[in-house]
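Student: Here is my input, please return the structure:
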Amino acid sequence: MSARILVVDDQEPNVRLLEARLKAEYFEAITATNGPDALDLAKSQQPDVILLDVMMPGMDGFEVCRRLKADSATRHIPVVMVTALDQREDRVAGLECGADDFLTKPVDDLTLFARVRSLLRLKVVLDELRLRETNASPEDEVIETEGGEKPWALVVAGDDRAGAHLQSKIPRHVEAKIVTDPALAARVAASGIDVMVIDLTTPKFDGLRLCARVRSEAATRHVPIIAVVSPDEVERSVRALDLGVSDIIHRPVDGDELNARITTQLRRKSYADRLRARLDESLEMAITDPLTGLHNRRYIASRLNQAVEAAASGGLTLCVLIADLDHFKRINDTFGHEGGDRVLKEFSERMRKGLRALDLAARYGGEEFVIVMPETSLVEATAGAERLRKAVNDDPFDMPGEHVADSVSVSIGVAEFVAGDTPDSLLRRADDALYRAKADGRNRVAVDHTQTKAA
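Tutor: Just a heads-up that it's a prediction; the model follows:
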């Protein structure tokens with residue numbers, strides 16, 4: 001996986017060495033030797049990962065990282081601090097200012113590139129969500145919300161004692177559950193948790209296999225995983241990262257460091273969850289009529305194409321209804337547009353209640369609605385249309401100001417798919433039937449008899 005990496009270090013030899021190592025792995029490297037230049041390049045070049053030294057004159061790496069994470073234009077870029085500092089206080093400080101990892105020099109190439117690949121996979125997913133998410137402003141990104149339910153952590157260890165030891169280091173604001181059976185852990189994770197801490201050092205089960213299972217299942221694919229490993233288990237750490245583990249922490253586990261790593265993972269998950277939720281909402285809005293909550297014309301056209309293809313290839317029955325509220329302009333003139341909107345919404349609700357699960361209804365435009373009824377005969381569709389007509393005609397509609405509209409009615413045209421039909425021809429025949437219903441006095445169902453004539 002190729003990517004653009006920003007290398008930040010005030011020592012020119014260090015920059016050139018790391019740049020050469022990155023290029024040997026087919027990464028594109030851009031470089032900076034001080035904090036202000038790093039901030040400018042991060043904003044203008046939008047690198048995929050930043051490798052950041054801590055000990056720099058003027059503005060140190062901690063301050064650079066804080067500013068990167070405070071800026072909506074750069075806060076989504078993963079930051080790995082690569083430094084000679086090796087004290088736990090330094091690691092915790094780096095993680096607390098927003099770094100995604102803290103690697104101590106000299107850095108093993110396997111560990112470095114495994115971490116870079118892991119962060120790149122995450123960023124690819126987030127970038128795709130950010131690209132598709134069109135309604136959010138940059139200022140909305142990665143803003144933590146206060147309150148709400150406590151996040152849940154699942155601690156998976158070889159025995160209760162080891163699990164309790166890890167649980168004691170979980171942040172107090174996080175609820176933690178201990179599981180010692182990997183099969184049970186996979187099921188609990190699927191039920192809905194916010195982060196997993198898996199002990200890969202236990203001989204009681206294969207922790208890597210559990211990581212792979214969690215990542216392979218749709219329900220848990222996006223759950224952050226923090227793996228506990230021994231410092232000398234480089235190959236196991238690399239393997240874990242390649243399997244999709246979100247973060248690594250070494251034994252003996254420091255509580256403050258685990259706290260910082262869990263907080264980072266929860267913040268990142270919250271951001272990704274909000275992006276996915278807004279994406280789902282925007283997709284729903286793209287196919288939904290905002291007034292009635294029914295599908296819109298674009299969606300029903302797509303589904304009608306599919307239904308016609310299925311009927312043509314499988315010999316299935318298919319009917320289409322076009323319903324139009326009678327004298328709708330009179331309703332608007334009498335009760336205003338608020339009253340007209342209320343009728344449209346109430347009509348849509350009465351129509352929805354009378355449909356089967358496989359039927360599809362949409363607002364086609366104005367006061368006109370289309371219903372696609374797969375696997376339905378002309379007789380059955382006509383009966384359904386008549387039920388809808390009666391549901392509208394028999395009960396008055398409540399209007400604003402405690403008024404009642406007791407003369408609302410609907411005319412409906414019904415057409416059945418015949419060999420050679422296209423979506424347009426089927427809709428046209430239903431519309432012709434609707435026109436006859438209107439011409440014959442409205443408040444009635446008219447049926448297209450093309451099939452009967454062809455027979």
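Student: May I have the phi/psi pair for the closest residue to Thr263 other than its chain neighbours?
Tutor: Leaving aside its sequence neighbours, Thr263 sits nearest to Pro171 (C-beta to C-beta, 6 or more residues apart in numbering; 6.7 Å). Where C-beta positions appear, they are placed from N, C-alpha and C, glycine not excepted. Phi and psi for Pro171, reported as degrees, to the nearest 10, are phi -50, psi 140.
Student: give the contact list for Pro171.
Tutor: By C-beta atoms under 8 Å, 6 or more residues apart in numbering, the contact set of Pro171 is Asn259, Ile262, Thr263.
Student: Distance-wise, check the last one relative to Val15.
Tutor: It refers to Thr263. 31 Å (C-beta to C-beta, to the nearest Å).
Student: Spell out the secondary structure type for Ala415.
Tutor: strand (DSSP: H, G, I helix; E, B strand; the rest coil).
Student: wait, isn't it in contact with Cys319?
Tutor: Yes - here Ala415 lies in contact with Cys319, judged by C-beta atoms under 8 Å, at a distance of 6.8 Å.
Student: Show me the strands in the stretch 151-300 of the chain, by range?
Tutor: Ranges of strands in the stretch 151-300 of the chain, per DSSP state E, counting those that start in this stretch, are 152-156, 175-179, 195-199, 225-229, 247-250.
Student: The ones you listed: which one's closest to Arg88?
Tutor: Nearest of those to Arg88, taken as C-beta to C-beta: strand 247-250 at 10.4 Å.
Student: what residues does the closest one touch?
Tutor: Here strand 247-250 makes contact (C-beta under 8 Å, 6+ apart) with 100-101, 224-231, 237, 240-241, 257-258, 261, 264-265.
Student: Just the buried subset of these, please.
Tutor: Buried subset of those (neighbour count, 16 or more other C-beta atoms under 10 Å): 100-101, 224-229, 237, 240-241, 257-258, 261, 264-265.
Student: Isn't Tyr422 up against Val308?
Tutor: Careful, residue 422 is Thr; it's not Tyr. Yes - with contact defined as C-beta under 8 Å, Thr422 counts as touching Val308 (6.7 Å).
Student: So which of those two has more stuff around it?
Tutor: Taking neighbours as other C-beta atoms under 10 Å, Thr422 and Val308 compare with Val308 leading, 22 against 13.
Student: Relative to Ala433, how far out is the closest residue to the more buried one other than its chain neighbours?
Tutor: Sequence neighbours aside, Pro423 is the residue nearest to Val308 in space, at 5.1 Å (criterion: C-beta to C-beta, 6+ apart). Distance, Pro423 to Ala433, using C-beta to C-beta: 16 Å.
Student: Give the residue from those two that has the larger number of neighbours.
Tutor: Neighbours per residue, other C-beta under 10 Å: of Pro423 and Ala433, the larger number sits with Ala433, 24 against 20.
Student: pretty sure the more buried one belongs to a strand, no?
Tutor: No - under the criterion used here (three-state DSSP), Ala433 is helix, not part of a strand.
Student: Pull the contacting residues for it.
Tutor: Ile322, Gly413, Val414, Ala415, Ala446, Val447, Asp448.
Student: same thing but 6 Å
Tutor: Residues in contact with Ala433 (C-beta atoms under 6 Å, 6 or more residues apart in numbering) are Gly413, Val414, Ala415, Ala446, Val447, Asp448.
Student: Check the residue nearest the centre of the chain and give its pLDDT.
Tutor: With distances taken as C-alpha atoms, centre = their mean, Arg276 lies nearest the centre of the chain, 2.2 Å away. Arg276 is assigned a predicted lDDT (pLDDT) of 73.
Student: what's the spacing between it and His222?
Tutor: 8 Å.
Student: hey, which helix or strand in this protein has the poorest pLDDT?
Tutor: Least confident helix or strand of the chain, by mean pLDDT, DSSP states H and E, is helix 450-454 with a mean of 52.
Student: next structured bit after the helix or strand harbouring Thr31?
Tutor: Thr31 is part of strand 28-32 when elements are defined by DSSP states H and E. Beyond strand 28-32 on the C-terminal side, the first helix or strand identified by DSSP H and E is helix 35-45.
Student: Measure how far that next one is from the centre of its chain, please.
Tutor: Here helix 35-45 is found 30 Å from its chain centre; the criterion is C-alpha atoms, centre = their mean, to the nearest Å.
Student: For that helix, give the mean pLDDT please.
Tutor: 95.
Student: What is that helix packed up against?
Tutor: Judged by 3 or more C-beta pairs under 6 Å, 6 or more residues apart in numbering; DSSP states H and E, helix 35-45 is in contact with strand 28-32, helix 61-70.
Student: do that again at 10 Å, thanks
Tutor: Packing partners of helix 35-45 (3 or more C-beta pairs under 10 Å, 6 or more residues apart in numbering; DSSP states H and E): strand 4-8, strand 28-32, strand 49-52, helix 61-70.
Student: Would you mind saying which of these lies nearest Ala183?
Tutor: Nearest of those (C-beta to C-beta): strand 49-52, 35.2 Å.
Student: What strands flank that closest one, and is each parallel or antiparallel?
Tutor: Applying DSSP bridges to the sheet, strand 49-52 is found paired with strand 4-8 (parallel), strand 79-83 (parallel).
Student: What are the buried residues along the first one?
Tutor: Buried residues in strand 4-8, counting neighbours by 16+ other C-beta under 10 Å, are found at Ile5, Leu6, Val7, Val8.
Student: Next secondary structure element downstream of that strand?
Tutor: With DSSP H and E, the next secondary element past strand 4-8 is helix 12-24.
Student: buried sites along that next one?
Tutor: Asn14, Val15, Leu18, Glu19, Arg21, Leu22.
Student: re the thing from before, redo the contacts of Pro171 as JSON lines? Include neighbour count and distance to Leu122.
Tutor: Below are the contacts of Pro171 laid out as JSON lines (neighbours: other C-beta atoms under 10 Å; distance: C-beta to C-beta, whole Å):
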{"residue": "Asn259", "neighbour count": "19", "distance to Leu122": "21"}
{"residue": "Ile262", "neighbour count": "26", "distance to Leu122": "16"}
{"residue": "Thr263", "neighbour count": "18", "distance to Leu122": "16"}
